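pasting a predicted model and its sequence here:
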Amino acid sequence: MNPLDLGEVRAVAADAEAAGYNRVGIWDSPALYLDPWITLAAVSTSTTSLRIGTWVTNPLTRHPVVTANAAATLDALAPGRVVIGIGTGDSGVYNLAGRAAPLDRLTEYVRALRGLLADGRALWEGNELRMRPAANPVPIWVAAHGARAIRTAGAVGDGVIFGLGIAPDTIEACRAMLDRGASEAGRDAATLETWYTAPWYVDENGDRARDAALWHVASLAHHISRSGTAGKFIPDRIAPGIVELGQAYNLLSHGAPSREQRDEYRRIARRTGIDEYLVSRYTFAGTPDECAAQVLAAAAAGAVNHDCANDSPAGELHRRPEAWATHVLPLLKERNAHV
């Protein structure tokens, strides 16, 4: 969730737990939203079993001891429920006049976090760091929007947050890349927890759901095209449109674009002919039956943990997870889906 109001986030998290969701993640984007760690502390008081954590932080805006200590402190409030989602940095970095971190820095940061949380000691930039370790294991999941990032997640993460879509062929390609990264590091990818980012839009009118999802793919296009489309399983005919849409995306309104911005993103996607491709590959969107079928197809390809990317305006954070729980989860339970 993109946290704009603590009371709303706490309430949505409590409702998510009651509905049977597994996890709530909080964005780390200090120029736009509330502090993630303070927000997560508030969420810990309205939930009892839900896993909670950053979704995602970065290796640039906080020293590793600061991040590790925040996670260890949160673990004291929510024992055994804390996770760290981390990537190279997007709005949380670019809106501070910075740029995303190189994957080498992300790798070293993850290793430092793991050492600090588990043993209270780590090496960082040639210096030894120390702190009081966390009382419980805190898994670190690496967000990945390209082949190199996926291999990095396989090499150093406790899990991965895939951001390349939920089409079955994409899922299979991502899992193969994760296997490669883990194998190169002498690890077993089967031990890593895998999550897939795919915004959920459900409506009795499927076309209306897909239209609602269409603006959201501009954010995904930005993530995908930011460092080029190579290694991201994008067809050549689609790549120019994704780059154009990604470049048009305004990070200063990340997660809460105006109505005019949303309409402009839709226009660009339609004009460049990438609208149907993006919605079908990167979102679960349609009628309840259509969404359930999409989830089952993803599950058959190996994707069973999904994140709804709930970047809704203040006052509307409950709508998409509530609609999903009401209209789609019952269908999946009927069909024995393991979600």
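Received it, and whenever you're ready, just let me know what you need.

all the strands of this protein, residue numbers only.
23-26, 51-57, 82-86, 121-124, 127-130, 140-144, 159-162, 193-197, 200-202, 284-286, 306-307 (DSSP state E).

would you list the ones you listed in a markdown table and tack on distance to residue 316?
Any C-beta I mention is one placed from the backbone N, CA and C, and that applies to glycine too. Output for the strands of the chain, formatted as a markdown table (distance: least, Cβ to Cβ, whole Å):
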| stretch | distance to residue 316 |
| --- | --- |
| strand 23-26 | 16 |
| strand 51-57 | 18 |
| strand 82-86 | 23 |
| strand 121-124 | 40 |
| strand 127-130 | 41 |
| strand 140-144 | 24 |
| strand 159-162 | 23 |
| strand 193-197 | 19 |
| strand 200-202 | 13 |
| strand 284-286 | 17 |
| strand 306-307 | 18 |
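
from residue 82, how far out is residue 276?
For residue 276, the distance to residue 82 (Cβ to Cβ, to the nearest Å) stands at 39 Å.

which one of those two has more residues nearby?
Under the criterion of other Cβ atoms under 10 Å, the comparison of residue 276 against residue 82 puts residue 82 first, with 26 against 12.

ok, residue 308 - contacts?
Residue 308 makes contact with 198-200, 320-321, 324 under the criterion Cβ atoms under 8 Å, 6 or more residues apart in numbering.

same question, residue 24
1, 12-13, 16, 43, 47, 50-52.

out of the residues you listed, which are inside helices?
Judged by DSSP state H, the subset of those located in helices is 12-13, 16, 43.

who wins on neighbours among the contacts of residue 24?
Of the contacts of residue 24, with other Cβ under 10 Å as the count, residue 43 tops at 31 neighbours.

from what I can see it touches residue 11, true?
No: Residue 43 lies out of contact with residue 11 (Cβ atoms under 8 Å); the separation is 10.0 Å.

neighbour count, pLDDT and distance to residue 86 added to the contacts of residue 308, as JSON lines?
Putting the contacts of residue 308 into JSON lines (neighbours: other Cβ atoms under 10 Å; pLDDT from 0 to 100; distance: Cβ to Cβ, whole Å) gives the following:
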{"residue": "198", "neighbour count": "27", "pLDDT": "95", "distance to residue 86": "20"}
{"residue": "199", "neighbour count": "23", "pLDDT": "96", "distance to residue 86": "21"}
{"residue": "200", "neighbour count": "23", "pLDDT": "96", "distance to residue 86": "23"}
{"residue": "320", "neighbour count": "19", "pLDDT": "96", "distance to residue 86": "24"}
{"residue": "321", "neighbour count": "22", "pLDDT": "97", "distance to residue 86": "23"}
{"residue": "324", "neighbour count": "23", "pLDDT": "98", "distance to residue 86": "26"}
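
out of those, who's nearest residue 77?
Taking Cβ to Cβ as the measure, residue 77 lies nearest residue 321 of the contacts of residue 308, at 22.7 Å.

verify the stated contact: that closest one with residue 13.
No: because the distance of 9.9 Å does not satisfy Cβ under 8 Å, residue 321 is recorded as not touching residue 13.

farthest-separated two in the contacts of residue 308?
198 and 321 (13.3 Å).

so of the contacts of residue 308, which ones are in helices?
Judged by DSSP H, the contacts of residue 308 include 320-321, 324 as members of helices.

nearest to residue 119, of those residues?
residue 321 (36.6 Å).

how close does that closest one sit to residue 328?
Taking Cβ to Cβ, one finds residue 321 at 10 Å from residue 328.

find residues that contact each of those two.
Common contacts of residue 321 and residue 328 (Cβ under 8 Å, 6+ apart): residue 200.

surely residue 154 meets residue 147?
No: if you go by Cβ under 8 Å, residue 154 and residue 147 don't touch, sitting 10.7 Å apart.

list the residues that contact both of those two?
With Cβ under 8 Å, 6+ apart, residue 154 and residue 147 have common neighbours residue 177.

how near is residue 250 to residue 269?
With Cβ to Cβ as the criterion, residue 250 and residue 269 are 15 Å apart.

of these two, who's got more company?
residue 269 (25 against 13).

let me see the domain layout of this structure.
Domain assignment for the chain by automatic domain parsing gives 6-199+284-334, 217-282.

got JSON lines for the ones you listed, with distance to residue 205 too?
Listed next are the domains of the chain as JSON lines, based on distance: least, Cβ to Cβ, whole Å:
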{"stretch": "domain 6-199+284-334", "distance to residue 205": "7"}
{"stretch": "domain 217-282", "distance to residue 205": "14"}
